[in-house]
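J.: Quick one: sequence plus predicted model below, questions after.
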Amino acid sequence: MTGVAPAAVASDAYPLMRAPEAKTLGAHDTGAAATLPLRLRLRFSDVAYELRFVKHYVDFYFRYAQVSLILGVLLIAGDYLVDRIAHTGVPANLLRLTMAMPVLLVGLGYSLLPKARGHWQPVMASFIATVALCLIGILVRIDNEGGTGLKSWVGILNFTFLEFYCFVILGVQFRYALASGLVIMAAFLYALWGYAGLPTQQAGYWSYHVVTAFILAAGIGWWREFLLRKEFVARAALDDSRVAAEQRALRLAHYDEVTGLPNRRLLADLAAPALERSRRSGARCAMLHVEIGRLSGINDVYGRGQGDMVLAGIAQRLRSCIRGGDLAVVNPLAQELGVVARFGDSAFSILITDLDDQARASVVAQRLLEAVAQPITVGSQAMVLSASIGIAMFPGDAQDMVGLTRCAEQAARVAVDAGGAQHSFFDMALNARAKDRVVLETELRHAIQAGQLCLHYQPKVDARNGRLVGAEALVRWQHPERGLIPPGHFIPLAEESGLITPLTDWVLHAACKSLRRWSDLGLPTLPLSVNLPASSLADAQLPQQLEGLVRHYHLHTSCLMLELTETMVMRDVATTVGVLDTLRALGFGLSLDDFGTGYSSLSHLKRLPMNELKIDRAFITDAARGGRDAALAAAIITLGGELGLQVVAEGVETKEQSAFLIGRGCALQQGYLFSKPVPQAAFEQMLKAGAIRTADAVATA
């Protein structure tokens with residue numbers, strides 16, 4: 001499989017699970033809309049954008065138009081009352097109320113309908129034209145009955161007001177107002193010249209005023225709409241950017257940007273109704289937590305961009321492995337099916353519902369493992385990744401999403417510790433161990449500060465005569481309730497929890513304090529070995545810190561022997577050699593521990609400025625019996641001697657092992673044959689004696 005760009009994955013590779021995209025009507029055409037031409041027929045070229053503007057226009061003017069209808073009703077009623085007072089005997093005056101007034105009231109009633117906004121503008125334009133025609137008929141009737149109608153300035157004023165009413169007050173768009181205005185003007189001119197019976201000069205005079213008023217009202221209406229459209233373009237652009245920002249924030253809050261999958265928060269929201277349905281129906285669910293191995297290495301070697309492409313490809317594979325029958329929930333945001341979520345840099349979670357037993361969850365997990373194990377191309381290099389899957393069952397293992405996730409993660413860690421490329425089901429023993437681990441971490445943090453730690457010392461001896469030549473400082477935890485806790489129980493925990501740095505600082509201070517004490521008591525000052533963790537070599541300030549520490553306790557740097565394992569030294573040889581060269585130049589002793597169990601690269605070994613080489617106990621156990629172990633042990637001793645290193649054998653437990661090592665030239669030994677790690681008081685007695693009796697027997701064996 002070749003790498004796929006993350007953006008393409010989010011939109012194409014996940015037809016059922018992509019994040020919702022921002023959708024704003026006409027947003028793509030805003031640039032074209034902003035260049036609105038100065039033309040008589042105002043309209044945006046994009047139909048969707050035009051509809052959007054019309055909706056905005058109607059929403060803006062709808063209430064004003066309703067008020068204008070009420071105003072029209074009041075004006076007609078006022079005209080009726082005024083004419084009633086001035087011309088009480090004109091029967092046609094009542095036509096105002098019986099013809100124009102009902103039309104306006106019908107328009108006002110129409111505006112109250114739920115769907116009135118959809119056809120508001122053409123309907124209102126028709127209403128005002130109808131009112132104008134009614135008014136013409138009324139004025140002509142009044143003139144025929146000897147009243148003051150169309151032939152007076154009052155009639156002209158009525159039509160002038162109607163034109164402004166249509167273009168400005170009514171609040172319809174220019175094209176609708178123009179149609180109504182033309183109808184009103186045409187009807188008025190026809191009535192003025194055909195029925196009013198005015199002299200030509202007077203009819204022309206009034207016609208001039210009406211046409212002038214029409215042009216003025218039309219110009220005001222056109223300019224008003226043009227400015228409103230210009231303002232709408234700016235407002236729409238601002239609204240579009242705000243909506244786009246809100247939708248992006250929604251995607252960032254609920255979806256993973258690289259893979260397009262739901263994140264932890266969204267999966268929890270989606271899983272809640274699915275779990276509730278399963279609880280009511282009695283069905284079972286499974287939460288699968290998938291840890292992808294070696295992704296961090298791809299980021300380190302090829303960069304974050306290539307790592308994201310690989311991650312997106314893996315997400316696509318996982319999604320394709322979840323069949324229709326496994327789908328768990330419906331995504332209410334995208335209205336699409338979805339089940340796979342990204343939980344971390346290299347972790348995914350999958351919820352499966354409606355299970356009969358664990359077998360189906362196991363089948364799905366196996367499909368996922370096989371999919372991840374398919375070769376993937378990174379750059380031009382084909383690579384094979386692996387996954388470790390933890391499975392938690394609902395309702396047996398947990399009753400909610402949080403509990404299911406926690407249990408699945410614990411089971412995934414078990415699968416990782418077992419070598420990876422497999423799946424593991426959660427059980428209560430895992431939960432108990434996890435809880436104990438959390439409690440132990442808290443207690444260890446407190447122990448470092450509360451003085452519950454202590455050092456035990458294991459002697460290094462010259463096995464030929466039993467003389468003490470040094471010791472190794474080993475930390476112990478004297479728990480107030482659990483008793484003495486060996487380092488194998490809490491050192492790995494300290495490394496995982498980040499407590500290894502303060503723990504190492506405490507050990508170094510305690511070791512230097514012991515050396516200072518022995519010197520003050522007049523005891524022999526022997527080199528004391530202290531184990532350093534891998535994180536210490538990554539600290540460029542390590543040499544300065546150690547130099548300051550021995551200076552604080554008034555010690556010589558040669559009193560402190562720093563032990564480093566072969567594996568941690570080989571992680572970054574170039575950086576490590578630089579740090580070790582500085583430590584060696586300052587006078588610190590350097591010991592390579594557990595030699596032979598790690599990389600064992602001779603080309604690297606010759607570059608390391610070591611003083612001491614320690615043979616791992618794995619080569620000592622059966623060395624006295626001959627065979628390969630004996631050959632390897634002898635080879636390591638010879639190699640160390642040729643490189644000018646002091647060779648120490650650790651884990652010596654029998655006289656036969658010790659005698660074999662002495663015979664091969666390795667007299668410096670450490671192990672239970674001579675002494676277990678002992679508290680400070682017991683070791684000080686050994687310092688006073690200067691030798692260990694067991695060695696005498698070994699030497700003469």
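T.: In hand now; what should we look at?

J.: For the rest of this, base every contact and every neighbour count on C-alpha atoms.
T.: Noted.

J.: what's the neighbour count on Ser535?
T.: 12 (other C-alpha atoms under 10 Å).

J.: mind checking the SS state of it?
T.: Classification of Ser535 using DSSP: H, G, I helix; E, B strand; the rest coil returns helix.

J.: what's the closest non-adjacent residue to it?
T.: Closest residue to Ser535 apart from its sequence neighbours, by C-alpha to C-alpha, 6 or more residues apart in numbering: Thr501 at 7.6 Å.

J.: Cross-check the contact I'm expecting between Ala634 and Arg664.
T.: Yes. Assessed by C-alpha atoms under 8 Å, Ala634 is found in contact with Arg664 at 6.2 Å.

J.: Could you check which of those two is surrounded by more residues?
T.: The neighbour comparison of Ala634 against Arg664 (other C-alpha under 10 Å) goes to Ala634, with 20 against 15.

J.: contacting residues for that one?
T.: Each residue near Ala634 by C-alpha atoms under 8 Å, 6 or more residues apart in numbering is listed here: Leu661, Arg664.

J.: mind checking the SS state of it?
T.: Going by three-state DSSP: Ala634 is helix.

J.: distance of it from Val647?
T.: The gap separating Ala634 from Val647 is 11 Å, by C-alpha to C-alpha, to the nearest Å.

J.: Give me the contacts around the helix or strand containing Thr504.
T.: Using DSSP states H and E, the element containing Thr504 is helix 500-520. Under the contact criterion C-alpha under 8 Å, 6+ apart, helix 500-520 has outside partners 448, 455, 473, 475, 491, 494, 524-525, 528, 530, 532-533, 535-536, 549-550, 553-555, 559-560, 684.

J.: Weed out the non-buried ones from the residues you listed.
T.: 448, 455, 473, 475, 491, 494, 524-525, 528, 530, 532-533, 536, 549-550, 555, 559-560, 684 (16 or more other C-alpha atoms under 10 Å).

J.: Take these and keep only those in helices.
T.: Secondary structure assignment by DSSP state H places Ile448, Ile491, Ala494, Ser536, Leu549, Val550, Glu684 of those in helices.

J.: For the first one, give me its contacts.
T.: It refers to Ile448. The contact partners of Ile448, by C-alpha under 8 Å, 6+ apart, come to Pro502, Leu503, Trp506.

J.: Mind checking which residue lies nearest the centre of the chain?
T.: Central residue of the chain (C-alpha atoms, centre = their mean): Asp256, 5.5 Å from the mean position.

J.: Ala312 versus that one, what's the distance?
T.: For Asp256 relative to Ala312 (C-alpha to C-alpha), the value is 10 Å.

J.: now Pro262
T.: Counting by C-alpha to C-alpha, the separation of Pro262 from Ala312 is 13 Å.

J.: and what of Phe683?
T.: Distance of Phe683 to Ala312, given as C-alpha to C-alpha: 58 Å.

J.: For Arg617, which non-adjacent residue is closest in space?
T.: Sequence neighbours aside, Gly651 is the residue nearest to Arg617 in space, at 4.7 Å (criterion: C-alpha to C-alpha, 6+ apart).

J.: And the pLDDT at Asn488?
T.: One correction, residue 488 is Gly, not Asn. On pLDDT, Gly488 comes in at 83.

J.: quick one, phi psi at Glu257?
T.: Dihedral pair for Glu257: phi -70, psi -30, per degrees, to the nearest 10.

J.: Quick one: neighbours of His489, just the number.
T.: Per other C-alpha under 10 Å, the neighbour tally for His489 reads 12.

J.: list the contacts for Ile485?
T.: Neighbour list for Ile485: Arg476, Trp477, Gln478, His479 [criterion: C-alpha under 8 Å, 6+ apart].

J.: Low-confidence ranges, the stretch 251-400 of the chain, go.
T.: 323-339 (pLDDT under 70).

J.: Helices along that one, start to end?
T.: 264-281, 295-302, 304-321, 358-372 (DSSP state H, counting those that start in this stretch).

J.: Now do the last one against helix 304-321, angle only.
T.: The one in question is helix 358-372. Going by axes from the mean of the first three to the mean of the last three C-alpha atoms, to 10 degrees, helix 358-372 is angled at 140 degrees with respect to helix 304-321.

J.: And for helix 358-372, what's in contact with it?
T.: 286, 288, 314, 317-318, 321-322, 352, 355, 385-389, 391, 393, 421-423.

J.: Just the ones of those residues in strands?
T.: Of the positions in the contacts of helix 358-372, Ala286, Leu288, Ile352, Leu355, Ala387, Ser388, Ile389, Ile391, Met393, Gln422, His423 sit in strands, assigned by DSSP state E.

J.: Neighbour-wise, which one of these leads?
T.: Ile389 (33 neighbours).

J.: From what I see, it and Val414 are in contact.
T.: No. Between Ile389 and Val414 no contact is recorded; they are 9.0 Å apart, counting by C-alpha under 8 Å.

J.: Report the set of residues contacting both of the two.
T.: Shared contacts of Ile389 and Val414 (C-alpha under 8 Å, 6+ apart): Ser424.

J.: Thought Ala283 was touching Asp354, still the case?
T.: Yes. Shown here, Asp354 and Ala283 form a contact pair, counting by C-alpha under 8 Å, at 5.2 Å.

J.: more neighbours, these two?
T.: A count of neighbours by other C-alpha under 10 Å puts Asp354 above the other of Asp354 and Ala283, at 20 against 16.

J.: Would you quantify the distance from that one to Ala286?
T.: Between Asp354 and Ala286 the computed distance is 9 Å (C-alpha to C-alpha).

J.: For stretch 234-251, C-alpha coordinates in CSV please.
T.: What follows is stretch 234-251 as a C-alpha-only set of coordinates in CSV (Å, rounded to 0.1, in the frame of the first residue of the first chain):
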residue,chain,number,x,y,z
ALA,A,234,-19.7,42.0,3.3
ARG,A,235,-22.1,40.5,5.9
ALA,A,236,-22.3,37.2,4.0
ALA,A,237,-18.5,36.9,3.8
LEU,A,238,-18.2,37.6,7.5
ASP,A,239,-21.0,35.0,8.3
ASP,A,240,-19.3,32.4,6.0
SER,A,241,-16.0,32.8,7.7
ARG,A,242,-17.6,32.5,11.1
VAL,A,243,-19.6,29.4,10.1
ALA,A,244,-16.5,27.9,8.6
ALA,A,245,-14.6,28.6,11.8
GLU,A,246,-17.3,27.1,13.9
GLN,A,247,-17.5,24.0,11.7
ARG,A,248,-13.7,23.6,11.8
ALA,A,249,-13.8,23.9,15.6
LEU,A,250,-16.5,21.3,15.6
ARG,A,251,-14.4,18.9,13.5
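
J.: Go through it and flag the buried ones.
T.: Under the neighbour-count criterion of 16+ other C-alpha under 10 Å, stretch 234-251 has Ala236, Ala237, Asp240, Ala244, Gln247, Arg248, Arg251 buried.

J.: quick one, phi psi at the residue nearest to Leu468 when sequence neighbours are not counted?
T.: Spatial nearest neighbour of Leu468, excluding adjacent residues (C-alpha to C-alpha, 6+ apart): Val461 at 4.5 Å. Main-chain dihedrals, Val461, degrees, to the nearest 10: phi -130, psi 160.
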